[in-house]
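Participant: From the sequence below, what's the structure:
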Amino acid sequence: MRKRTGLAASVVAALACGASGADPAPTPEPRAPAPTATRVDTVTVVRADPAVERQLAEAQLRILEQQALIADLQRHLDEAERELLRSLAKIQTSATRAEAASAMAEAELALGSLRQANGPAAEVSRAEERLRGSQEEFGRLNFGGAVYLANQVKALAAQRGQLGVGDADARPDEIAFTVPLRLASTARSNVRDGPGTTFRVLFTLEPGASLTARSHASGWLRVADETGRAGWIHQGLVTSRQ
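Facilitator: Modelled structure (predicted):
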């Protein structure tokens, strides 16, 4: 009887030890943080048409070429004018001191009118340069040269006067052509009250209409047709007329 009781106690003790030595409950693994949304800005790269880039480069080269040509022509013109003044100083001319003084006085008046008319700064500067040259030639007793340069000043002022400078529709940025241009419209075109598409349309030209342009401003031409109607047309709508 004692043996059974001891055996039972041993079994109970063994069960107790097994219960106390059991593995602990598993620890849950930490959760990974939820991914956060990241904003990515997309940049669209637009590649220019190689043909367009080539045309732009060629146009820039042509502009540089024209600027160089104009500068070269101006140098030749200035040299020819200096040679003319030297020739006038060497030869006997019909110009007298009184005639030269009178021409210079008229040139001063013409320069004043050009300034009052708000002529382009380049024209005013050129007229001032011509007047100073006239005064210098007068001081050298080159009366023919003084008259020549004084007449240049008067010609600049007269050229602006042909454009109606001083009238209500005159523009300070308007530049006169050296000579009137004979043009023709290339398409059905609107002639406007000013140099821009925001100005009202005065009349419409049919293709091939004959025009005469005397000045330009901001890519627009002041023109008149054969009936005397006048206004502004974009330079892209006209071509040279023989």
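Participant: which secondary structure elements does the top strand by length along the chain contact?
Facilitator: Secondary structure of the chain per DSSP state E: the longest strand is strand 175-185. In this structure, strand 175-185 makes packing contacts with helix 121-139, helix 143-161, strand 210-217, strand 220-225, strand 238-240, judged by 3 or more CB pairs under 8 Å, 6 or more residues apart in numbering; DSSP states H and E. Backbone N, C-alpha and C define where each C-beta goes, glycine included.
Participant: Please report the number of neighbouring residues for residue 56.
Facilitator: 11 (other CB atoms under 10 Å).
Participant: residues touching it, list them.
Facilitator: By CB atoms under 8 Å, 6 or more residues apart in numbering, no residues touch residue 56.
Participant: what's the helix or strand for it?
Facilitator: With secondary structure defined by DSSP states H and E, residue 56 is part of helix 50-90.
Participant: Show me what secondary structure element comes after that helix.
Facilitator: That would be, after helix 50-90 and using DSSP H and E, helix 97-116.
Participant: Tell me what angle that following helix forms with helix 121-139.
Facilitator: 160 degrees (axes from the mean of the first three to the mean of the last three CA atoms, to 10 degrees).
Participant: Against which helices or strands is helix 97-116 packed?
Facilitator: helix 121-139, helix 143-161.
Participant: Distance to residue 204 and mean pLDDT for those helices - can I get that in CSV?
Facilitator: Shown next, in CSV, are the helices and strands packed on helix 97-116 (distance: least, CB to CB, whole Å; pLDDT from 0 to 100):
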stretch, distance to residue 204, mean pLDDT
helix 121-139, 33, 87
helix 143-161, 29, 81
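Participant: Good, we can wrap up now.
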